[in-house]
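Colleague: Structural data only, the sequence is not supplied:
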Ligand SMILES: O=CC(=O)O
């Protein structure tokens, strides 16, 4: 049976998404907030919202686990705050939220280091065949075959960063430490950055041996890494994606990897998660990871804290801790 009633005078927080991302939120903070969860009800979502969430002023979206449509927003007339736990905001309609004067709090900088670390990890894995070597040993192939195909050096590689925001900048710093030469593509040239700038991702690809995709998904970046960019990168080129799957034309990526028209790929994100093209499963030059770049124990502890701080700030009319303000992206 659905229950949307208030619990005493606690501020009400509607929760839509993947609550497992914040496992300790309810156990630790149900004395501070009343969490209203349609997932506990048998009612269809919109019916639940229209019946029980009319007074909800705050919405929490753990794990970016729902596309926040106008149909949902229409059921939430009192909504003034969306707290989402991700860095990427492609599940939110930013112009629509601004039009409705609904504020956004997000993960801000919380995951930057983890995502940059995984990007470099995936690149090293693809080039130096860590996962492929692991399979070679664990599947008992080593004694019979002995020969393992050659890897590639990371040191000295020309790396192109797509999106030199906070995550891209951290990836660049790490790769500088490995002796890589860095160039980048961004909406604008960064004034104080020593790396070569290409205003066009196609030209960046033509001048690099690997591309690391660190930007967010927007109408402009959807399928930005298309056939032409992959052709420019060349048949030995490597693509690492820690941004969003749909930034890459996945069908084209898979086709080129199977045909040997691309050197390899390290992917933490996919176009239709959790669906991953099975054709990639047997390719040793492809490393797959289930969108886990941000999922470290330490970051999740920080995230719970950040969510609570943002909710407390909102309910006591104080400035949000990590407001999202850059509506231009
Ligand atoms: O993908 C994870 C995030 O956007 O935080």
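Modeller: Great, that's in hand. Quick caveat, the model's predicted, so the values are computed rather than measured.
Colleague: Run the chain-centre distance for stretch 112-126.
Modeller: 13 Å (CA atoms, centre = their mean, to the nearest Å).
Colleague: same question, stretch 256-268
Modeller: Using CA atoms, centre = their mean, the offset of stretch 256-268 from its chain centre is 20 Å.
Colleague: Count residues in the vicinity of the residue nearest to residue 87 when sequence neighbours are not counted, would you?
Modeller: Spatial nearest neighbour of residue 87, excluding adjacent residues (CB to CB, 6 or more residues apart in numbering): residue 107 at 4.8 Å. Where C-beta positions appear, they are placed from N, C-alpha and C, glycine not excepted. The local packing of residue 107 (other CB atoms under 10 Å) involves 23 other residues.
Colleague: quick one: average confidence on stretch 302-314?
Modeller: Across stretch 302-314, the average pLDDT comes to 96.
Colleague: Now tell me what touches that stretch from outside.
Modeller: 11, 13, 21-22, 24-25, 28-29, 32-33, 57-58, 60, 80-81, 83, 85, 103, 105, 107-108, 110, 318-322 (CB atoms under 8 Å, 6 or more residues apart in numbering).
Colleague: Identify each buried residue in that stretch, please.
Modeller: 303-304, 306-308, 310-311, 313-314 (16 or more other CB atoms under 10 Å).
Colleague: Out of those, the closest to the ligand would be?
Modeller: residue 303 (9.3 Å; CB to the nearest ligand atom).
Colleague: so the closest one, which of the three states?
Modeller: Classification of residue 303 using DSSP: H, G, I helix; E, B strand; the rest coil returns helix.
Colleague: could the buried residues of stretch 302-314 go into TSV alongside secondary structure and distance to the ligand?
Modeller: Shown next, in TSV, are those (DSSP: H, G, I helix; E, B strand; the rest coil; distance: CB to the nearest ligand atom, whole Å):
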residue	secondary structure	distance to the ligand
303	helix	9
304	helix	14
306	helix	12
307	helix	13
308	helix	18
310	helix	15
311	helix	18
313	helix	20
314	helix	20
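Colleague: And the helices in the stretch 201-329 of the chain, which stretches?
Modeller: 201-206, 227-233, 250-259, 297-315 (DSSP state H, counting those that start in this stretch).
Colleague: Which one, of those, ends up nearest to residue 71?
Modeller: For residue 71, the closest of the helices of the stretch 201-329 of the chain is helix 297-315, at 24.0 Å, according to CB to CB.
Colleague: coming back round to it: any chance of the helices of the stretch 201-329 of the chain in JSON lines, plus distance to residue 184?
Modeller: Shown next, in JSON lines, are these (distance: least, CB to CB, whole Å):
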{"stretch": "helix 201-206", "distance to residue 184": "7"}
{"stretch": "helix 227-233", "distance to residue 184": "14"}
{"stretch": "helix 250-259", "distance to residue 184": "21"}
{"stretch": "helix 297-315", "distance to residue 184": "25"}
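Colleague: residue ranges with poor pLDDT in the chain?
Modeller: Flagging of the chain using pLDDT under 70 yields the residue ranges 1-8, 327-329.
Colleague: Distance of residue 55 relative to residue 89?
Modeller: Counting by CB to CB, to the nearest Å, the gap from residue 55 to residue 89 is 25 Å.
Colleague: which of those two has more neighbours?
Modeller: residue 89 (24 against 14).
Colleague: That one is in contact with residue 216, isn't it?
Modeller: Yes: under the criterion of CB atoms under 8 Å, residue 89 makes contact with residue 216 at 7.0 Å.
Colleague: and for these two, which residues touch both?
Modeller: Joint contacts of residue 89 and residue 216 (CB under 8 Å, 6+ apart) do not exist.
Colleague: Please enumerate residues in contact with stretch 17-29?
Modeller: 35, 37, 39, 60-66, 85, 300, 303-304, 307-308.
Colleague: PyMOL command to pick out the buried ones of these?
Modeller: Buried subset of the contacts of stretch 17-29, written as a PyMOL selection, criterion 16+ other CB under 10 Å:
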select buried, resi 35+37+60+61+62+63+64+65+66+85+300+303+304+307+308
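Colleague: quick one: which of the contacts of stretch 17-29 is nearest the ligand?
Modeller: Distances from the ligand to the contacts of stretch 17-29, taken by CB to the nearest ligand atom, are shortest for residue 64, at 6.0 Å.
Colleague: Name the nearest residue to that closest one, sequence neighbours excluded.
Modeller: residue 86 (3.9 Å).
Colleague: got a list of what that neighbour touches?
Modeller: Applying CB under 8 Å, 6+ apart to residue 86 gives the contacts 61, 63-64, 106-107, 294.
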